[in-house]
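Asker: Build me a structure from this.
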Amino acid sequence: MINGHGDDAFRFDRPITANFSSNVYSHVDLEPLKEHLRQRLDLVSHYPEPEPYTLERALAGRLGIPASSVCVTNGATEAIYLTAHAFQDRHSTILAPTFSEYADACRLYAHSAPLVSVSLAKKCSLAGYHPALRSLTISGVRALRWPGGDFASCTLRPSETARPKSPQEEPAKRSEMPDPVRHDVLWLCNPNNPTGGVIPKEQLVKAIEENPKTVFVIDQSYGFFTKAKLLTAAEAVRYPNVLQLHSMTKRYAMPGLRLGYITANPALLEKIRAVRMPWSVNALAVEAGIYLCEHPETGPIDLEALLAETQRLHEALNAIPGLTAEPTQTHFFLCHLQKGRAADLKQWLAEKQGILIRDASNFEGLDAGHFRIATQTPEENDLLAAAVQHYLKDHR
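Answerer: Residues are numbered from 1 along each chain as shown. Down below sits the predicted model:
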């Protein structure tokens, strides 16, 4: 696990009053759910179901798929580690920058190279999901291409920090992609964290169909927060080589409960169930999930308004000299300082303004100038833009 995930307000003495560091939209009214859970606190005196069968049936009913195609997990992160465990000792491909737990889970379960990152020269754009997808071919996966952008300066290399290294490996060969390469498992975050881009659905479907021997692990934890077309669970379970990861905690802003699930073809999902620990999902989380299946309108979010506010904030930050806000298709996005370190900006914002951002320099493939923010209220967004402008004016 890398040091420096978002939502690390505990590191600062001053209270954080505006938190942009987590991709959770925090302004969600969960009082109905909280009241329901208060009335069910007696559940903590009993074991939950060894496997959350009741919640799996409820989710299956909402998604229009068989209950055998749903596996509830202790957050999407457990789903990642279960998947890596189920396919241990395989060859994995991870396109970076992306969520670090994919690489960590693959290391833990002895997955082989290549864990791929993209080295970004100054002229490269981070447009869309990942700039390498415009020209990258992964074992014949030519469908995974991102249109647009200037990628002439981009170079593809195996990740030095992510992939396992053999003691016998020659240093001179570490900068070369092994050839031929097996791609047993391909990990995709869609929408991608931290870039906010989405792989076009038709290209993803084509890639899945043209590469039946590759297992596509598609993390759709932020699927609610985009208007782009995504592969639905009902569509995905028809394929024998697709695992979709989902997060209820992102949509309903309840990360403390840790609740996620996997959807897949039942035969493929059996590999996951075979390595799942009993009682991994606590009773209150299961109860919350059942309640939300029955009351999906809980914690309403006006997505159109949130994305419009994201565009307004994006434009405001892009207008600040010395700062570039990268394109996005969801409610969070990357920014890049032309000079200086994001870590210094983060420290100043937290200590002087009570504002928290995500220093994104520890994402594989990004540099010291990158930081990530998630849109909050218009008032908080205005405070952030003004504070960043003030900082850059004083630190030229």
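Asker: what stretches of the stretch 151-300 of the chain score poorly on pLDDT?
Answerer: Counting by pLDDT under 70, the stretch 151-300 of the chain shows low-confidence ranges at 151-183.
Asker: all strands of it, in order?
Answerer: 155-158, 185-189, 215-219, 242-247, 260-264 (DSSP state E, counting those that start in this stretch).
Asker: where's stretch 363-378 relative to the chain centroid, distance-wise?
Answerer: Centroid separation for stretch 363-378 versus its chain: 13 Å, with CA atoms, centre = their mean, to the nearest Å.
Asker: Can you give me the end-to-end span of that stretch?
Answerer: Using CA to CA, to the nearest Å, the end-to-end distance of stretch 363-378 comes to 28 Å.
Asker: care to break this protein down by domain?
Answerer: The record's domain parsing of the chain by automatic domain parsing lists 9-28+301-394, 31-294.
Asker: Return the set of buried residues in stretch 225-234.
Answerer: Phe225, Thr226, Leu230, Leu231, Thr232, Ala233 (16 or more other CB atoms under 10 Å). Quick note: C-beta positions are derived from backbone N, CA and C, even for glycine.
Asker: same check, this time on stretch 25-41
Answerer: Going by 16+ other CB under 10 Å, stretch 25-41 has these buried residues: Tyr25, Val28, Leu30, Leu33, His36, Leu37.
Asker: For these, give me CSV that also has secondary structure and pLDDT.
Answerer: Output for the buried residues of stretch 25-41, formatted as CSV (DSSP: H, G, I helix; E, B strand; the rest coil; pLDDT from 0 to 100):
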residue, secondary structure, pLDDT
Tyr25, coil, 93
Val28, coil, 94
Leu30, coil, 96
Leu33, helix, 97
His36, helix, 98
Leu37, helix, 98
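Asker: now for the strands of the stretch 151-300 of the chain, which one comes closest to Arg90?
Answerer: strand 185-189 (5.5 Å; CB to CB).
Asker: Now do the closest one against strand 215-219, angle only.
Answerer: Here strand 185-189 points in a direction 20 degrees away from that of strand 215-219 (axes from the mean of the first three to the mean of the last three CA atoms, to 10 degrees).
Asker: Could you list the residues in contact with strand 185-189?
Answerer: 83, 87, 90-95, 98-99, 102, 106, 111, 138, 141, 199, 204, 211, 214-219, 221 (CB atoms under 8 Å, 6 or more residues apart in numbering).
Asker: in its sheet, what does it sit against?
Answerer: strand 92-94 (parallel), strand 215-219 (parallel) (DSSP bridges).
Asker: Output that strand as PDB, nothing but the C-alphas.
Answerer: Taking C-alpha atoms only, strand 185-189 is exported to PDB below (Å, rounded to 0.1, in the frame of the first residue of the first chain):
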ATOM      1  CA  VAL A 185      -5.400 -10.400 -16.700                       C
ATOM      2  CA  LEU A 186      -5.900  -6.800 -17.800                       C
ATOM      3  CA  TRP A 187      -6.800  -4.300 -15.100                       C
ATOM      4  CA  LEU A 188      -8.900  -1.300 -16.100                       C
ATOM      5  CA  CYS A 189     -10.400   1.500 -14.000                       C
END
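Asker: how about it: buried residues?
Answerer: So, applying 16+ other CB under 10 Å, buried residues of strand 185-189: Val185, Leu186, Trp187, Leu188, Cys189.
Asker: Repeat that for stretch 346-366.
Answerer: So stretch 346-366, judged by 16+ other CB under 10 Å, has buried residues 346, 348-350, 353-366.
Asker: Also stretch 331-346?
Answerer: Of the residues in stretch 331-346, His331, Phe332, Phe333, Leu334, Cys335, His336, Leu337, Arg341, Ala342, Leu345, Lys346 count as buried by neighbour count, 16+ other CB under 10 Å.
Asker: What of stretch 217-226?
Answerer: Val217, Ile218, Asp219, Gln220, Ser221, Tyr222, Gly223, Phe224, Phe225, Thr226.
Asker: Dump those residues to JSON lines, plus distance to Gly64.
Answerer: Compiled in JSON lines, these are given as follows (distance: CB to CB, whole Å):
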{"residue": "Val217", "distance to Gly64": "22"}
{"residue": "Ile218", "distance to Gly64": "18"}
{"residue": "Asp219", "distance to Gly64": "21"}
{"residue": "Gln220", "distance to Gly64": "16"}
{"residue": "Ser221", "distance to Gly64": "20"}
{"residue": "Tyr222", "distance to Gly64": "21"}
{"residue": "Gly223", "distance to Gly64": "16"}
{"residue": "Phe224", "distance to Gly64": "17"}
{"residue": "Phe225", "distance to Gly64": "22"}
{"residue": "Thr226", "distance to Gly64": "21"}
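Asker: that older thread, output the buried residues of stretch 25-41 in TSV, with distance to Lys250 appended to each entry.
Answerer: Putting these into TSV (distance: CB to CB, whole Å) gives the following:
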residue	distance to Lys250
Tyr25	8
Val28	10
Leu30	13
Leu33	15
His36	20
Leu37	19
